[in-house]
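Trainee: Build me a structure from this.
(one chain, ligands or ions: 1)
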Amino acid sequence: MYNTLLTEAQNGTLIITVNRPDKLNALNKDVIEELGKVLEEVYNNEDIKAAIITGAGEKAFVAGADISEFISLDAAAGEDVARKGQLKVFDKIENSPKPIIAAVNGFALGGGCELAMSCHFRIASENAKFGQPEVNLGLIPGYGGTQRLTQLVGKGKAMELMMTGDMVGADEARALGLVNHVFPLTDLMGKTKEIAAKIQLKAPIAVSKIIKCVNDAAKGEKGGFVNEIKAFGECFTTQDMVEGTTAFMEKRKPIFKGK
Ligand code: COA
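Mentor: Modelled structure (predicted):
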């Protein structure tokens, strides 16, 4: 179905694997196009409750945008690459109403770090390495890196990482708040699937409202508190809220339907 991605649905979680291991899963035009398509599937297919994005092989999550496609670009074409990528893929991941988790299994550099950062949160293997090395190419991040890295690790560290192009390992990435957990590579997918499965047992409408409200905070949205008040109120119109509160009173586990 896809040329550059592998997709597999497991218990409601769609596992999306960027599959160009001989190029360390670099994001060429085809990958961006296909990630855009698979995200439509995540948004629209009711059987998909969550997604995990990872990279093929044991070396790289994604080693960046495909540098070979950059050589002949002019300013307008460069802008176009960044704009289309952000709109079709990176913003779409961030704003997905269903949880999308990055399972970072090796190099996450440039567009790869940006892809991981656009996910709702990140789990890494011990061999993962993160960085924004665009400055080495005379470039800057173009898929949201200047914004999301700053949100995640703070201004000073983001400045240093982007100006030096240095990589950080998994443990440092965890200390910085860039990743939530670090596991041996052999456990990475299993542990990430466990977290996705746990979230799937929660109330889906509440989960999507959490995503929206937290994104408001990350974007410095002025109306974030007001939006939260409204979203909180809307939860009271859901069957899931009735089910959740009733199940608590009846001392049983709730069964949420996303209604
Ligand atoms: N774009 C295009 N091709 C890439 C790539 C990228 N971002 N990253 C890796 N590749 C390709 C290499 O060109 C090489 O292809 P080849 O075998 O046809 O020559 C293959 O993937 C393997 O990479 P290689 O550099 O040989 O592996 P390595 O273990 O020596 O180094 C990295 C690994 C990640 C340190 C190195 O590949 C690298 O620096 N990549 C670019 C990272 C980057 O600058 N990303 C930001 C892009 S804006």
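
Trainee: where do the strands sit along the stretch 101-250 of the chain?
Mentor: In chain order, the stretch 101-250 of the chain shows strands spanning 107-109, 121-125, 129-131, 167-169, 181-183, with DSSP state E, counting those that start in this stretch as the criterion.

Trainee: Of all those, which one is nearest residue 13?
Mentor: Evaluated over the strands of the stretch 101-250 of the chain, closeness to residue 13 peaks at strand 121-125, with 13.1 Å, by Cβ to Cβ. From N, CA and C alone the C-beta is placed, and that goes for glycine too.

Trainee: ok, and what's touching that closest one?
Mentor: With contacts defined as Cβ atoms under 8 Å, 6 or more residues apart in numbering, strand 121-125 is touched by 101-106, 108, 116, 130, 170, 173-174, 178-185, 188, 191-192, 195.

Trainee: Filter those residues down to just the buried residues.
Mentor: When those are checked for burial by 16 or more other Cβ atoms under 10 Å, the buried set is 101-106, 108, 116, 130, 170, 173-174, 178-179, 182-183, 188, 191-192, 195.

Trainee: Return the subset of these lying in helices.
Mentor: Cross-referencing the buried ones among the contacts of strand 121-125 against helices under DSSP state H gives 116, 170, 173, 174, 188, 191, 192, 195.

Trainee: with these in mind, which one is nearest to residue 220?
Mentor: For residue 220, the nearest member of those is residue 116. The distance, counting by Cβ to Cβ, is 21.2 Å.

Trainee: Could you measure from that closest one over to residue 258?
Mentor: Residue 116 sits at a distance of 27 Å from residue 258 (criterion: Cβ to Cβ, to the nearest Å).

Trainee: Same list (the strands of the stretch 101-250 of the chain) but as TSV, adding mean pLDDT and distance to residue 236.
Mentor: Below are the strands of the stretch 101-250 of the chain laid out as TSV (pLDDT from 0 to 100; distance: least, Cβ to Cβ, whole Å):
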stretch	mean pLDDT	distance to residue 236
strand 107-109	98	40
strand 121-125	98	27
strand 129-131	98	40
strand 167-169	98	43
strand 181-183	98	33
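
Trainee: can I get those in CSV with distance to residue 43?
Mentor: Putting these into CSV (distance: least, Cβ to Cβ, whole Å) gives the following:
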stretch, distance to residue 43
strand 107-109, 24
strand 121-125, 19
strand 129-131, 27
strand 167-169, 32
strand 181-183, 26
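
Trainee: Would you mind finding the most buried of these?
Mentor: Taking mean count of other Cβ atoms under 10 Å as the contact definition, the stretch among the strands of the stretch 101-250 of the chain with the greatest mean neighbour count is strand 107-109, which reaches a mean of 27.

Trainee: Can you tell me which helices and strands that strand packs against?
Mentor: strand 60-62, strand 129-131 (3 or more Cβ pairs under 8 Å, 6 or more residues apart in numbering; DSSP states H and E).

Trainee: The ligand: which of the strands of the stretch 101-250 of the chain is closest?
Mentor: Counting by Cβ to the nearest ligand atom, the ligand lies closest to strand 107-109 out of the strands of the stretch 101-250 of the chain; the figure is 4.2 Å.

Trainee: that older thread, let's have the ones in helices among the buried ones among the contacts of strand 121-125 in TSV, adding pLDDT.
Mentor: Compiled in TSV, those are given as follows (pLDDT from 0 to 100):
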residue	pLDDT
116	99
170	98
173	98
174	98
188	98
191	98
192	98
195	98
